[in-house]
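**Q** A predicted structure for the sequence below; I have some questions about it.
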Amino acid sequence: MKSLSRNSKLLLYGQALSYMGDYCVLPALLILSTYYQDYWVVSGVIIVRSIPFIIQPFLGVFVDKFNRVNIMFWTDLIRGGIFLGIILLPQGEYPILFLVLLLFSYGSGVFFNPARLSVMSLLGDDIKKINTIFAKATTLFVIIGALIGGAFLVLGTVKAAVAFNALTYFVSASFIRLIKLHKQKVVKAQGEKMYLSLMVGFKEILHNSFVLNAVFTLMTMAFLWGIVYSYFPIVSQYFGKGEVGNFLLTMGMGIGGLIGAYLVNKWGFHSHKGLLYFVFLSLISLAVYMFSIEFMITFVSAVFFFISMEYGEVISKIKIQENAANEIQGRVFAICESIIGICMSIGSTMINFMNPLLILILMIVMMLGLAIHTITVNHLYLKKSKSLDVTT
């Protein structure tokens, strides 16, 4: 930390607080949505959180037209103001307005990440350090945010968690405002070039089997994430004080992520062992999570579920980084974000029109298809490695 530049520290502090607020407020929003006595509102929270990512591939060009630090600053202020507006809504009333406010908040938020990544590329030698520190700290912020949210719920009202999230945005904006960079280059966007640029990313996904497998993995995981998030309010009811269970499950997400990140190297990147652990752990933990009525059992299953999800996410990103040309990786990752947003939204709605057994069967079929495709790709990787060994 001491070796980081002032700009890197300011960005890291702001993001740490903001990320902590995000995972303090997510369980709170799911709790507030249950007060509307309509489970479509619960699904709606996940949908409005996910659907803005669909437009993210188109944002990179627009972000480059403006000062990226200013984009981050105003985005944080807007999101903080919107969450203050949510606090003012009467509990259990105006569900459409509730979801629209969330949509505007998360919709404005998709401008933040492209701007942040652009700013990080201007930090010079600090970029590797700040990326490493941020990646290691992310799951810790999830746990801390969930703990703070749970404490607010026990001490008073769930809306305090929403207020805390708004506060973190304002504090983050104050840190970002202090970032001083050299003059940033801006570009003039042309719609036709932007379209052609995106098509290059789509072609890379369709014609590169390694990248396609990574996207297939992330897509399947997004369905699973949507399903698990939509069950948060149901599973939390098995806890003595049902609403606190939402925050405990979010803690489980962070704990599972920490363990999953540690196990990546042990399970391997292109190994059948890692694939076996990923598939079976995902499906077994999902089944226990959906069908058990004991909170401690569902909590433990959630931890194991997010262990497998962290592993899958890491190996998928590495496959893209290793096998896609560096100059088009940004487009590939942006398209991935769109696919994740769509699939997570669909997964979150399944609870409304499918029974748990049918959902589980569908996920088993998807995971088996993914496993077959991954085994094929792993064989290609081994052949590629052997051919490289022979030539060298």
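**A** Looks like it arrived, so ask away.
**Q** quick one: the strands in the chain, in order.
**A** Assigned by DSSP state E, the chain shows no strands.
**Q** what's the domain layout of it?
**A** As given by automatic domain parsing, the domain ranges for the chain are 1-185, 190-392.
**Q** return the member of those domains having the minimum mean pLDDT.
**A** Confidence, taken as mean pLDDT, is least for domain 1-185 of the domains of the chain (a mean of 80).
**Q** okay, now the spatially closest residue to residue 371 that is not a sequence neighbour: neighbour count?
**A** Of all residues not flanking residue 371 in the chain, residue 279 sits nearest, at 5.2 Å (CB to CB, 6 or more residues apart in numbering). Any C-beta I mention is one placed from the backbone N, CA and C, and that applies to glycine too. Applying other CB atoms under 10 Å, we find 19 residues neighbouring residue 279.
**Q** from residue 14, how far out is residue 279?
**A** 38 Å (CB to CB, to the nearest Å).
**Q** OK, contacts around the residue nearest to residue 371?
**A** 367, 368, 370, 371 (CB atoms under 8 Å, 6 or more residues apart in numbering).
**Q** same thing with residue 232?
**A** 27, 30, 245, 246, 249.
**Q** can I get those residues in CSV with distance to residue 226 and neighbour count?
**A** What follows is these, written out as CSV (distance: CB to CB, whole Å; neighbours: other CB atoms under 10 Å):
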residue, distance to residue 226, neighbour count
27, 16, 30
30, 13, 24
245, 19, 24
246, 16, 27
249, 15, 27
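**Q** which one of those is nearest to residue 144?
**A** residue 27 (13.3 Å; CB to CB).
**Q** is it true that the closest one touches residue 253?
**A** No. Applying CB atoms under 8 Å as the test, residue 27 and residue 253 come out as separate, 9.8 Å apart.
**Q** what's the overlap in contacts for the two?
**A** In contact with both residue 27 and residue 253: residue 146, using CB under 8 Å, 6+ apart.
**Q** hmm, back to that, of the contacts of residue 279, buried ones?
**A** Buried subset of those (neighbour count, 16 or more other CB atoms under 10 Å): 367, 370, 371.
**Q** return the subset of the residues you listed lying in helices.
**A** The helices, defined by DSSP state H, take in 367, 370, 371 from those.
**Q** state the distance from the first one to residue 10.
**A** The gap separating residue 367 from residue 10 is 42 Å, by CB to CB.
**Q** and what of the second one?
**A** Between residue 370 and residue 10 the distance is 41 Å, computed by CB to CB.
**Q** go on, the last one?
**A** Here the criterion is CB to CB. By it, residue 371 lies 44 Å from residue 10.
**Q** enumerate the positions of stretch 286-301 that are buried.
**A** Quick answer for stretch 286-301 (16+ other CB under 10 Å): 286, 287, 288, 289, 290, 292, 295, 298, 299, 300, 301.
**Q** looking at those residues, which is nearest residue 166?
**A** Of all these, residue 166 sits closest to residue 299, with 28.5 Å by CB to CB.
**Q** what sits against that closest one?
**A** 248, 249, 252.
**Q** and the first one, how many neighbours does it have?
**A** Read it as residue 248. 22.
**Q** residues touching the residue nearest to residue 274 when sequence neighbours are not counted, list them.
**A** Nearest residue to residue 274, sequence neighbours excluded (CB to CB, 6+ apart): residue 267, at 3.7 Å. Contacts of residue 267 were listed using CB under 8 Å, 6+ apart, and they are 273, 274, 277, 278, 311.
**Q** among those, which two are most distant?
**A** Among these, 273 and 311 lie farthest apart (CB to CB), at 11.4 Å.
**Q** more neighbours: these two, which one.
**A** Using other CB under 10 Å as the criterion, residue 273 and residue 311 rank with residue 311 on top: 28 against 10.
**Q** isn't that one up against residue 275?
**A** No. Here residue 311 does not reach residue 275: they are 9.9 Å apart, not a contact under CB under 8 Å.
**Q** only C-alpha atoms, please: export stretch 211-222 in PDB.
**A** Output in PDB follows, covering the C-alpha atoms of stretch 211-222 (Å, rounded to 0.1, in the frame of the first residue of the first chain):
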ATOM      1  CA  VAL A 211     -12.900 -18.300 -25.800                       C
ATOM      2  CA  LEU A 212     -16.300 -19.800 -26.600                       C
ATOM      3  CA  ASN A 213     -15.900 -22.300 -23.800                       C
ATOM      4  CA  ALA A 214     -15.100 -19.500 -21.400                       C
ATOM      5  CA  VAL A 215     -18.200 -17.500 -22.500                       C
ATOM      6  CA  PHE A 216     -20.300 -20.800 -22.200                       C
ATOM      7  CA  THR A 217     -19.000 -21.200 -18.600                       C
ATOM      8  CA  LEU A 218     -19.800 -17.600 -17.600                       C
ATOM      9  CA  MET A 219     -23.300 -17.900 -19.200                       C
ATOM     10  CA  THR A 220     -24.100 -21.000 -17.300                       C
ATOM     11  CA  MET A 221     -22.800 -19.500 -14.100                       C
ATOM     12  CA  ALA A 222     -25.000 -16.400 -14.700                       C
END
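**Q** next, the buried residues of it.
**A** Quick answer for stretch 211-222 (16+ other CB under 10 Å): 211, 212, 213, 214, 215, 216, 217, 218, 219, 220, 221, 222.
**Q** that older thread, how much space between the residue nearest to residue 274 and residue 310?
**A** Counting by CB to CB, the gap from residue 267 to residue 310 is 11 Å.
**Q** same deal with residue 247?
**A** Between residue 247 and residue 310 the computed distance is 20 Å (CB to CB).
**Q** more neighbours: which of the two?
**A** Between residue 247 and residue 310, counting by other CB under 10 Å, residue 247 is the more crowded of the two (31 against 22).
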